[in-house]
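> prediction below, plus the sequence it came from.
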Amino acid sequence: MKEKSYCLTEQIMMPKQKQFMKRGWNAIVTTTRFQGQKRQSHRYGQKHDVVVINFLNRKNEADKRVFHLLSEKFSLFNGIFGSSDEVLGSLESGVDFEKRIQQIYQNCRTAEEISAAFNQLQQELDEQIQNKMQETRESLLENFDDEVREKLRNHYEQTNLYLNRLERYLWGLSKYEGNGQAVFNDEQLSFQLKNENEVYQMISQVKKVDPGNQVHHYRSGHPLAVEWIEQAKSRALPPKGIIFRYSDYEGKVSVLSPLVGQEGWLSLNLLRVESLEMEEYLVFSCVDREGNQIEQDICEKMFDLPASEGEETSVPASIQNALAGIKEHQEAAILNGIMERAGQYLDAELEKLDKWSGDLKMKLESEIENIGIEINQQQREARLTKQLAEKLELNRKVKELEKKRNDMRRNLYNEQDEIDRQKEVLFAQVEEKLQQKVTQQHLYQIHWRIIWAAEV
């Protein structure tokens, strides 16, 4: 089980109710303390998940309203990383937020008074909250890499558009392959086939529109998507020039910024490895015009950028040789990784079987030992008793216990045989994994160039 570290907010029960409430809400509201707990766990080089737990007194109306303000309005607990600091910071500059909360705790005595006071506070701050949250979302989109944004727990449905990488690829492919067959709406991520009334929409976006709208849930497994994907895969792709436009991408990919103004060659191959299961890998081989290798992860991010297709071209022999050498190195690394994982799998499974065998042996041996102790006790009582009937009954129990002990010993041997059988199955699986069937398929080659913006 994955280890977790727990960081608890400071909430201390004080003798008087007012003192407890003050410490309780202060532990939640003071953003420097709350955010500091999260940041400290990262500064300490935390390698495990960190859970920050805040206790809420559901029977206290004021505590409930404070939590509602912080969680629903400020996104303090589940919003953008750092956004709560910016939002509350802007509010505290114009309104002494914590003093207002403190006054409510000190002066309001009934649930009605508390509710009215918080409604008034929320109404005063609502416009500031919304403006600052919008600025923070825009800042997130402009300044964070896509890879970081995908890991942040932000409400992406409140931004203009958000798709994960797979959905972005599917949407882009669908627009290309379906050009002329359908009318696409980028704002709603939907399309309508010509001469048909049905609307298709990306499945991740369907829940964000009016549930009364009847649309087809479009996904990679949809028959139309499968048709377009197969259509794209079957197309012959001669070497061509591709111009990627960095500034036209809505997000930010920092690793590509040094390549703006650069050009080079890229080759893509599909590596398929068949053993116990099918594994497929896209192998990027890429160099810049100086002959320097471009890493696989950078090549993948390159295809997130908008691009335009150029003319067909021919690949120089020297470039072909360089790309072939990189491909061989990449494929060898992939195959070695598969072998390494197979070895780790074997070690882990053998360890589990050995532990199972050891636990089973200890359990049965302990039970056998307990039965042996009971047999000795029954035999001793049988020797001491003077009543013949009782002596016969005790010896009958001894025979039954001895039979049970013999059965358990046989069961121990049978279980050991079963473990040995499972080890043989495991060895056969690993041996089959070693007998790999490797096939390669060349997909395409391009001459790439990354520019800042399209030339006018």
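In hand now; what should we look at?

> so, low pLDDT: which residues of the stretch 351-456 of the chain?
Counting by pLDDT under 70, the ranges of the stretch 351-456 of the chain that qualify are 433-434, 454-456.

> and the helices in it, which stretches?
388-434 (DSSP state H, counting those that start in this stretch).

> one more: the stretch 51-200 of the chain?
So, for the stretch 51-200 of the chain - with DSSP H, counting those that start in this stretch - the helices run 61-68, 83-94, 97-107, 111-143, 146-151, 165-177.

> what mean pLDDT does the third one have?
Throughout helix 97-107, pLDDT has a mean value of 77.

> out of the helices of the stretch 51-200 of the chain, name the one with the poorest average pLDDT.
helix 83-94 has the lowest average pLDDT among those, namely a mean of 46.

> what's the helix or strand harbouring Cys299 packed up against?
Assigned by DSSP states H and E, Cys299 belongs to helix 296-302. Applying 3 or more CB pairs under 8 Å, 6 or more residues apart in numbering; DSSP states H and E, one finds that helix 296-302 makes contact with strand 278-288. C-beta here means a position set from N, CA and C on the backbone, and glycine is covered the same way.

> from the chain's centre, how far out does the helix holding Cys299 sit?
Taking CA atoms, centre = their mean, to the nearest Å, the mean C-alpha location of helix 296-302 is offset from the chain mean by 20 Å.

> may I have the helix or strand where Gln231 lies as PDB, with CA atoms only?
In the assignment (DSSP H and E), Gln231 maps to helix 223-233. Taking C-alpha atoms only, helix 223-233 is exported to PDB below (Å, rounded to 0.1, in the frame of the first residue of the first chain):
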ATOM      1  CA  PRO A 223     -17.600   3.600 -34.900                       C
ATOM      2  CA  LEU A 224     -17.200   6.900 -36.700                       C
ATOM      3  CA  ALA A 225     -13.900   7.700 -34.800                       C
ATOM      4  CA  VAL A 226     -12.700   4.100 -35.600                       C
ATOM      5  CA  GLU A 227     -13.500   4.600 -39.300                       C
ATOM      6  CA  TRP A 228     -11.600   7.900 -39.400                       C
ATOM      7  CA  ILE A 229      -8.600   6.500 -37.500                       C
ATOM      8  CA  GLU A 230      -8.300   3.500 -39.800                       C
ATOM      9  CA  GLN A 231      -8.600   5.900 -42.800                       C
ATOM     10  CA  ALA A 232      -5.700   7.900 -41.500                       C
ATOM     11  CA  LYS A 233      -3.600   4.900 -40.700                       C
END
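
> show the average pLDDT along it.
Mean predicted lDDT for helix 223-233 stands at 94.

> give me the distance from it to the chain's centre.
Relative to its parent chain, helix 223-233 has a centroid offset of 27 Å by CA atoms, centre = their mean.

> which elements pack onto that helix?
Applying 3+ CB pairs under 8 Å, 6+ apart, one finds that helix 223-233 contacts helix 165-177.

> quick one, the helix it packs on and helix 223-233 angle?
Angle of helix 165-177 versus helix 223-233, following axes from the mean of the first three to the mean of the last three CA atoms, to 10 degrees, is 70 degrees.

> how about helix 165-177: buried residues?
Buried residues in helix 165-177, counted by 16 or more other CB atoms under 10 Å: 167-168, 170-171, 173-174, 177.

> also stretch 333-344?
For stretch 333-344, burial by neighbour count (16+ other CB under 10 Å) applies to 334, 338, 342.

> I'd like the buried residues of helix 165-177 laid out as TSV, including distance to His217.
Output for the buried residues of helix 165-177, formatted as TSV (distance: CB to CB, whole Å):
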residue	distance to His217
Glu167	12
Arg168	17
Leu170	13
Trp171	14
Leu173	17
Ser174	14
Glu177	19
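
> got the domain ranges for the chain?
Following automatic domain parsing, one finds the domains of the chain at 4-151, 163-232, 239-456.

> picking up where we left off before, export the helix holding Cys299 as CSV, just CAs?
Taking C-alpha atoms only, helix 296-302 is exported to CSV below (Å, rounded to 0.1, in the frame of the first residue of the first chain):
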residue,chain,number,x,y,z
GLN,A,296,11.6,11.4,-27.7
ASP,A,297,9.5,13.4,-25.2
ILE,A,298,10.3,16.7,-27.0
CYS,A,299,9.4,15.1,-30.4
GLU,A,300,6.0,14.1,-28.9
LYS,A,301,5.3,17.6,-27.7
MET,A,302,6.2,19.0,-31.1
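
> neighbouring contacts of that helix?
Helix 296-302 has contacts (CB atoms under 8 Å, 6 or more residues apart in numbering) with 146, 244, 253, 255-256, 259, 266, 282-284, 286, 330, 448, 450.

> residues near Gln205, how many?
By other CB atoms under 10 Å, 19 other residues sit near Gln205.

> the residue in the chain sticking out farthest from the centre and Ile101, how far apart?
Distance from the C-alpha centroid of the chain peaks at Lys386, with 74.4 Å (CA atoms, centre = their mean). In this view, Lys386 and Ile101 are 86 Å apart by CB to CB, to the nearest Å.

> identify each buried residue in stretch 295-310, please.
296, 298-299, 301-305, 307.

> reformat those residues as a markdown table; add distance to Ser314 and pLDDT.
A markdown table is the format used below for these (distance: CB to CB, whole Å; pLDDT from 0 to 100):
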| residue | distance to Ser314 | pLDDT |
| --- | --- | --- |
| Gln296 | 25 | 93 |
| Ile298 | 25 | 94 |
| Cys299 | 21 | 94 |
| Lys301 | 27 | 91 |
| Met302 | 21 | 93 |
| Phe303 | 22 | 91 |
| Asp304 | 27 | 88 |
| Leu305 | 24 | 91 |
| Ala307 | 20 | 91 |
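
> can you add distance to Gly221 and give those back as a markdown table?
Putting the buried residues of stretch 295-310 into a markdown table (distance: CB to CB, whole Å) gives the following:
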| residue | distance to Gly221 |
| --- | --- |
| Gln296 | 27 |
| Ile298 | 30 |
| Cys299 | 27 |
| Lys301 | 26 |
| Met302 | 27 |
| Phe303 | 22 |
| Asp304 | 23 |
| Leu305 | 27 |
| Ala307 | 27 |
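
> of those residues, which is the nearest to Leu353?
Within the buried residues of stretch 295-310, the smallest distance to Leu353 is 36.4 Å, found for Gln296 (CB to CB).

> so what does the strand ranked longest in the chain touch, helix or strand wise?
With secondary structure taken from DSSP state E, the chain has its longest strand at strand 437-451. The contact analysis (3+ CB pairs under 8 Å, 6+ apart) places strand 437-451 against strand 240-245, strand 263-274, helix 317-384.

> can you list the ones you listed in CSV and add distance to Asn197?
Listed next are the helices and strands packed on strand 437-451 as CSV, based on distance: least, CB to CB, whole Å:
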stretch, distance to Asn197
strand 240-245, 36
strand 263-274, 38
helix 317-384, 47
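
> which of the ones you listed sits closest to Arg58?
Minimum separation from Arg58 across these (CB to CB) falls at helix 317-384, 43.4 Å.

> for the residue lying closest to Tyr444 once chain neighbours are set aside, helix, strand, or coil?
Leaving aside its chain neighbours, Tyr444 sits nearest to Leu237 (3.9 Å; criterion: CB to CB, 6 or more residues apart in numbering). At Leu237 the chain is in coil, as set by DSSP: H, G, I helix; E, B strand; the rest coil.
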